[in-house]
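> got a sequence here, can you model it:
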Amino acid sequence: MHTTGCVQVLALLIEQGKLSNMRAIDLSNTVNLNHEVVFTLLKRHGRQLRGISYAGNSKITEQFWINSIKHMKNIK
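Here you go, the predicted model:
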């Protein structure tokens, strides 16, 4: 799946509320996945997450995590 396809699929899942029961997610090595969509995912569903793995994307910076962490209250 190309970059646009990955972004569209995740954006559609977020939009349709299909991730409302998600407890953990592994997005590692999804370098083609737009970090803005991942941030939207964390803003909408971060409170329910108990775990997230997002490694292997050199575009993700410390600032991304600083902005995201406040949305992930239940991370263990």
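> just the element for the residue positioned nearest the centre of the chain, please.
Residue closest to the mean C-alpha point of the chain, counted by Cα atoms, centre = their mean, is residue 38 at 3.2 Å. Assigned by DSSP states H and E, residue 38 belongs to helix 35-45.
> worst-scoring helix or strand of this structure, pLDDT-wise?
The least trusted helix or strand in the chain, going by mean pLDDT, DSSP states H and E, turns out to be helix 3-15, with a mean of 75.
> how many neighbours does residue 10 have?
When neighbours are counted by other Cβ atoms under 10 Å, residue 10 registers 19. The C-beta positions use only the backbone N, C-alpha and C, and glycine is treated the same way.
> my guess is it contacts residue 41, does it?
Yes - with contacts counted by Cβ atoms under 8 Å, residue 10 reaches residue 41, the gap being 6.7 Å.
> low-confidence ranges, this protein, go.
Flagging of the chain using pLDDT under 70 yields the residue ranges 1-4.
> contacts only, for residue 25.
41, 49, 51-53 (Cβ atoms under 8 Å, 6 or more residues apart in numbering).
> and with 7 Å instead?
Taking Cβ atoms under 7 Å, 6 or more residues apart in numbering as the criterion, residue 25 is in contact with 49, 52.
> which secondary structure element is home to residue 65?
Using DSSP H and E, residue 65 falls in helix 62-69.
> now stretch 29-37: how far from the chain's centre is it?
8 Å (Cα atoms, centre = their mean, to the nearest Å).
> count the neighbours of residue 33 for me.
19.
> the helix holding residue 65 to helix 35-45, inter-axis angle?
20 degrees (axes from the mean of the first three to the mean of the last three Cα atoms, to 10 degrees).
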